[in-house]
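Undergrad: have a look; sequence and predicted model below, questions after that.
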Amino acid sequence: MSRFEQITDLEKRYLLQTYNRYPVALEKGKGVFVFDFEGNRYLDFVSGIGVNALGHAHPRIVKAIRDQAAKVIHLSNLYYNEYQGQLAERLCQLSGLDRAFFQNSGTEAIEGSIKLARLAGHRAGGDAKCRLVALEGSYHGRTFGALSLTGQEKHRKGFEPLLGDVTFVPQNDIAALRAAINGNTCAIVLEPIFGEGGILECSEEFLRECRALAAQHQAALIFDEIQCGLGRTGTMFAFQTFGVVPDILAIAKPIAAGLPLGAFLAREQFATAISPGQHGTTFGGGPLACRVGLEYLAIVEEEKLLENVARVGAYLTQQLQMLVDKYAATQGVRGRGFIQGLVLDIPARPLVEQGLTEGVLFNATQDTVLRFLPPFLLQEKHVDKGIRVLKKLLGKKRKKQQNVESAA
Ligand code: PMP
């Protein structure tokens, strides 16, 4: 039995069968590459769904983990640790928000965010001020609160009843947004760029309207930047790209370079709605994860990775657009920086599987979108390799007279 068969056999017998994994078992990584157990190398355009922004085995991250693990990994929130306040300070400086709470995942960051918004809502308008507005097609996580905000039937089905106080509006539909919000709204929750939903951007106009309506109704504007934040758009936070500042910001994925850490940040006006004992976590904000979080932010700054995301991201857009111009199975390019999607009119998964045999990790979402969430270290030559492979896999060229713009 091969190592791959041993691994997959055990999983088939002992794991809940929830994942439809790609047929590869990975052993290790270095920079923008990962390696399977046979030593085959893959160029990584996925970074563990947007987590490994610093690639794999970054020497400074390895050193910080080694050093801190030998001192102390976990203490609980019964005691102070050296790094939680420091990381909160840095995130507040970078975002302009006032306070942070640390969780263990993106989903938990969403849960914390809506709990805080509920408290602030009740404080401002009594029990009735509890309603949430979210977007159709969104994704916020799998727990009951986060799932209740997730506007995709395929994730919700079978788990009802969920929170009943959520109104969904189509992304970028200002009239529907206005109709959905009233004095009983405590929060508007949205991803500035849908990740799982297929790399779809909110318009600046829509975001500005959300901002104005939230202020008008004393509701919290919550941005879920779990996938699009912390550098992926070429600014530290996606809201800085769009120029609209939220009241509460949920982040996770790359913050601790692969260790589980999520957080929500809040403006003081909302942060003061919570009192001791109303929220908490055993693991969240531990010294190891927070120290690595500080190291992550320092590396992004010192290695000028945001500049790299902006430059190589623009190159990726240009190269993907070139594919759209040439290949019949492509429809358009969406997103920016290192959160982009190539929209196909064929299923994306077979392409991802063929990519494996060509030594490249791609990812598919919403059936027909090839999603790119590469490490921030990715260079133009890596884009070229990905594009070469896609050219091979995309098959038929477009006929000259076909109108590409109308297909996008
Ligand atoms: N929100 C968004 C926008 C996400 O992309 C994700 C994860 N893909 C989540 C929430 C949930 O995060 P986690 O899986 O870390 O709980």
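TA: Noted; the coordinates are in hand.

Undergrad: thought residue 213 was touching residue 176?
TA: No. The criterion here is CB atoms under 8 Å, and residue 213 misses it with residue 176 at 11.8 Å. Quick note: C-beta positions are derived from backbone N, CA and C, even for glycine.

Undergrad: between those two, which one's more packed in?
TA: residue 213 (20 against 17; other CB atoms under 10 Å).

Undergrad: separation between the more buried one and residue 245?
TA: Applying CB to CB, to the nearest Å, the value for residue 213 to residue 245 is 14 Å.

Undergrad: residues from the stretch 101-250 of the chain in reach of the ligand?
TA: 105-107, 110, 139-141, 191, 195-196, 224, 226-227 (CB under 6 Å from any ligand atom).

Undergrad: identify the residues contacting the nearest residue to residue 180 once chain neighbours are set aside.
TA: Setting aside the residues directly before and after it, residue 180 is nearest to residue 167 in space (CB to CB, 6 or more residues apart in numbering), at 4.4 Å. Residues in contact with residue 167 (CB atoms under 8 Å, 6 or more residues apart in numbering) are 131, 132, 133, 134, 180.

Undergrad: out of the residues of the stretch 101-250 of the chain next to the ligand, list just those in strands.
TA: Using DSSP state E, residue 224 are the members of those that sit in strands.

Undergrad: can you pull the contacts of residue 261?
TA: Applying CB under 8 Å, 6+ apart, we find residue 261 in contact with 102, 103, 104, 252, 255, 284, 285, 289, 290, 292, 293.

Undergrad: quick check, pLDDT for the second one.
TA: pLDDT for residue 103: 98.

Undergrad: hey, what's it bridged with?
TA: Bridge pairing for residue 103 (DSSP bridges) gives the partners residue 262.

Undergrad: how many residues are close by it?
TA: 25.

Undergrad: that one against residue 116, yeah?
TA: No. Taking contacts as CB under 8 Å, residue 103 lies outside contact range of residue 116: 11.8 Å.

Undergrad: in stretch 237-251, what counts as buried?
TA: 237-242, 244-251 (16 or more other CB atoms under 10 Å).

Undergrad: what residue in the stretch 1-150 of the chain comes nearest to the ligand?
TA: Across the stretch 1-150 of the chain, the shortest distance to the ligand (CB to the nearest ligand atom) belongs to residue 106, at 2.3 Å.

Undergrad: contacts only, for that residue.
TA: Taking CB under 8 Å, 6+ apart, one finds 141, 224, 226, 227, 250, 251, 252, 253, 262 in contact with residue 106.

Undergrad: one more time with 10 Å
TA: By CB atoms under 10 Å, 6 or more residues apart in numbering, the residues touching residue 106 are 49-51, 139-142, 146, 195, 224-227, 250-253, 255, 260-263.

Undergrad: how about the contacts made by whichever residue of the stretch 251-400 of the chain sits closest to the ligand?
TA: Nearest to the ligand, among the residues of the stretch 251-400 of the chain, is residue 252, at 4.8 Å (CB to the nearest ligand atom). Applying CB under 10 Å, 6+ apart to residue 252 gives the contacts 50-51, 103-110, 141, 224-227, 229-230, 260-264.
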